[in-house]
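Peer 1: just coords:
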Ligand code: NDP
C-alpha cells in the first residue's frame, strides 16, 4: 500500500522540504501545505518537479481549524486518506518577555501548537478506523530547555510533548503511533536568521558536535518513525541535537 504522507509547511526550504524528499524517496505519496499568502508555491512545485519529485500541495493556514478541515478534505477527496501526518509548520517571533505583546504570543501559540490539534483532528479518526497511522510532531530542543527571548516559542513546543503523550495513551492499541521529534539547531532559514556572532559565541558552544544539524539528518529520523519498523516507538520525544540536551 502506498502511504499518503502529509507534511505541513514543506516549502520553507528547510526541514519541511527535506522531510518531503525523504518520505517520497521511501515510496510515500507526499502532500504538503503552504500558507494561503505564499505566492511562491507554484515555483516551488516546479523546482521540485524539475528535480524529479511530484508532490501535491494545498493551501492551508494551520493556525485555523476550518482551513485545516478544508485542506485535509481536499487531499482525501483527491488522493485518499492520510496515513502519515508530520506537523512541521512553525514560526518564531523572538523577543524578551518584557517586549512581547499578546499578539506575538498568540500568533506563535496558534501557529505552532493549535496547528497540531487542528491537523491531527482531521486525520486521527480515519487512522484509528483503518488500524494504522503515524503522527509525528516537530517540536524543538527549546521546548525541553527553554531559550532566552523565546517564551512564546518554548511554550508552544513544550505543549507538543504533552499533546503527544496524552494522545499516545488514547490510541495506544489502535495501530497508530504518536511521537515528537525535538531538533536542536538545524541549518535552515529559521536558524540562519540568527546573527553570525551570536551563533558562534552563544550557540555552537552549547553543541558538543560543534556544528548545526542538517535537515536531512532530521528527515532520516522522521522517516524511521513513519515506517512499520517504528511500531514500538510511541509517545516518545526524541532529541536530535548534536548532544545539546546533555547541557
Ligand atoms: P521554515 O521557516 O523554513 O519553514 C516553516 C514552514 O512553516 C514554512 O513552510 C511556512 O509556510 C510554514 N508555515 C508557517 N506558518 C504557517 C501557517 N500559518 N500555515 C501554514 N504553514 C505555515 O522553518 P524550518 O524548516 O526551520 O522549521 C520547520 C519546523 O521545525 C518548525 O516547526 C520549527 O519550529 C522546527 N524546528 C526547526 C529548527 C531549526 O533549527 N530550523 C530546530 C527545531 C525545530 P509558508 O512559507 O508557506 O508560509
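Peer 2: Looks like it came in fine. Note that the structure is a prediction, hence the values are computed from the model and not measured.

Peer 1: touching, residue 240 and residue 207? I think so.
Peer 2: No. Taking Cβ atoms under 8 Å as the definition, residue 240 is not a contact partner of residue 207, at 11.7 Å. The C-beta positions use only the backbone N, C-alpha and C, and glycine is treated the same way.

Peer 1: can you pull the residues that touch both of those two?
Peer 2: Shared contacts of residue 240 and residue 207, defined by Cβ atoms under 8 Å, 6 or more residues apart in numbering, are found at residue 184.

Peer 1: around residue 199, count how many other residues there are.
Peer 2: Residue 199: 15 surrounding residues under other Cβ atoms under 10 Å.

Peer 1: what residues does the protein have near the ligand?
Peer 2: Contacts of the chain with the ligand, taken as Cβ under 6 Å from any ligand atom, map to 8-9, 11-16, 33-35, 38, 60-63, 88-91, 111, 138, 140, 183, 185-186, 188-191.

Peer 1: biggest helix in the chain by residues?
Peer 2: helix 151-170 (DSSP state H).

Peer 1: now for that helix, which elements pack on it?
Peer 2: Judged by 3 or more Cβ pairs under 8 Å, 6 or more residues apart in numbering; DSSP states H and E, the packing partners of helix 151-170 are helix 102-109, helix 115-130, strand 133-138, helix 141-145, strand 176-183, strand 237-240.

Peer 1: out of the ones you listed, nearest to residue 84?
Peer 2: Among the helices and strands packed on helix 151-170, strand 133-138 comes nearest to residue 84, with 4.5 Å by Cβ to Cβ.

Peer 1: with residue 115 as the reference, measure out to the nearest residue to residue 176 once chain neighbours are set aside.
Peer 2: Excluding the flanking residues, the one nearest residue 176 by Cβ to Cβ, 6 or more residues apart in numbering is residue 133, at 3.9 Å. Distance, residue 133 to residue 115, using Cβ to Cβ, to the nearest Å: 18 Å.

Peer 1: any of the residues of the chain next to the ligand buried? List them.
Peer 2: With burial judged by 16 or more other Cβ atoms under 10 Å, the buried subset of the residues of the chain next to the ligand is 8-9, 11-12, 14-16, 33-35, 60-63, 88-91, 111, 138, 140, 183, 185-186, 188, 190-191.

Peer 1: okay, and the nearest residue to residue 107 once chain neighbours are set aside sits in which element?
Peer 2: Of all residues not flanking residue 107 in the chain, residue 93 sits nearest, at 6.1 Å (Cβ to Cβ, 6+ apart). For residue 93, there is no enclosing helix or strand under DSSP states H and E.

Peer 1: correct me, but residue 93 touches residue 104?
Peer 2: Yes. Between residue 93 and residue 104 there is a contact under Cβ under 8 Å: 4.5 Å.
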